[in-house]
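Enquirer: Sequence plus the predicted model coming up.
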Amino acid sequence: MKNKKHAVPSYHTGHKLINLMKILLLTFSILVFLSSCGNKALTKLTVDVLKVGKADASVFQCGDSCMVIDCGEEDDGQDIVTFLQDAGIQTVDVLIVTHFDKDHVGGVPDVLEQMEIDRILIPDYEGTGTAYENFMNALSEHHLSAERLTEITTLTLGDMTIQIEPSDIEIPEASEEEYDNDMSLITTIIHGDMRLLFTGDIEAARTESWLASGDVQHCQLIKMPHHGRYNEQTSSLLDAVSADVAVICCSEKNPADDETMTALEERSVTVWQTRYGDVHIESNGQKLKVTQP
């Protein structure tokens, strides 16, 4: 019987095996790198919804970036400045004025006077009343300009992505009805997997048009519109965003409507009200922590 010859790997076969191993190692390294990028820790986002009575003022901080949405009434301006200064904030990167009612724009002149403001975003309509006039005069006095938003605007601050949606409601000509609330800018803050919705004072007409737009997504947190006032679209809004947490800017004198509180309770939404103090929110991009110091 002849001895069987054992196959000896040729140079070319060994070279191919080495190359294959290199390719597999490189592929594994790329996958590990991409995985580590995807799991990169985000800079913590903090949001403070301030106790300013039946008015709105919210401060967002993410790393060195700061954004403010609304500044309460005239008497609240200095309190907001003090909060910002105590937090070590020297510059507000973005100031959003959702609409021109006095309980949202009233405190802005004090903030403009004492803080550096890089960018001011406002709705595209002319307001009325003393608070609006004071705001416009303050812009002129400090040689600042505000951007009137006419289309959806997206910007990035730190690890926050911010989407601001202007109203599509047409202002009725020579109307004596109050329309400012439905001109509110709607702001969504995206931080990792977390979405926080700030609705200004939108009422039924604006809520209905927004829900019909197809832009509505699930949010972990909603700042309830119009200080917790109930309207025929409130339940539809809550169903559409299916939030886990709601914040209501209200006061002991002007609490949220009972119907709103019932609608939130029926949907097992955890409710925080500024009537009891500032509401402090923290996001790590995967979950929210809400406290009321």
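Expert: All right, it came through fine.

Enquirer: which residues of the stretch 151-293 of the chain fall in helices?
Expert: For the stretch 151-293 of the chain, applying DSSP state H, counting those that start in this stretch gives helices covering 204-213, 234-241, 258-266.

Enquirer: Let me know the angle separating the shortest one from helix 204-213.
Expert: Counting by axes from the mean of the first three to the mean of the last three Cα atoms, to 10 degrees, helix 234-241 points 30 degrees away from the direction of helix 204-213.

Enquirer: re earlier: kindly reformat the helices of the stretch 151-293 of the chain as TSV containing mean pLDDT and mean neighbour count.
Expert: Glycine gets a C-beta too; all of them are placed from N, C-alpha and C. Below are the helices of the stretch 151-293 of the chain laid out as TSV (pLDDT from 0 to 100; neighbours: other Cβ atoms under 10 Å):
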stretch	mean pLDDT	mean neighbour count
helix 204-213	96	17
helix 234-241	98	18
helix 258-266	98	16
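
Enquirer: Output those helices in TSV; the columns should cover distance to residue 228.
Expert: Output for the helices of the stretch 151-293 of the chain, formatted as TSV (distance: least, Cβ to Cβ, whole Å):
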stretch	distance to residue 228
helix 204-213	14
helix 234-241	9
helix 258-266	5
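
Enquirer: what's the closest of those helices to residue 165?
Expert: Proximity to residue 165 (Cβ to Cβ) singles out helix 204-213 among the helices of the stretch 151-293 of the chain, at 7.3 Å.

Enquirer: so what does the closest one touch, helix or strand wise?
Expert: Judged by 3 or more Cβ pairs under 8 Å, 6 or more residues apart in numbering; DSSP states H and E, the packing partners of helix 204-213 are helix 234-241.

Enquirer: Recalculate using a threshold of 10 Å.
Expert: strand 186-191, helix 234-241 (3 or more Cβ pairs under 10 Å, 6 or more residues apart in numbering; DSSP states H and E).

Enquirer: Contacts for it, please.
Expert: Residues from elsewhere that reach helix 204-213, judged by Cβ atoms under 10 Å, 6 or more residues apart in numbering: 152, 165, 167-169, 179, 181-184, 186, 199-200, 202, 216, 225-226, 229-234, 236-237, 239-241.

Enquirer: Are any of the residues you listed buried, and if so which?
Expert: Neighbour counting over these (16 or more other Cβ atoms under 10 Å) leaves 165, 167, 169, 179, 181-184, 186, 199-200, 202, 216, 225-226, 229-231, 233-234, 237, 240-241 as the buried ones.
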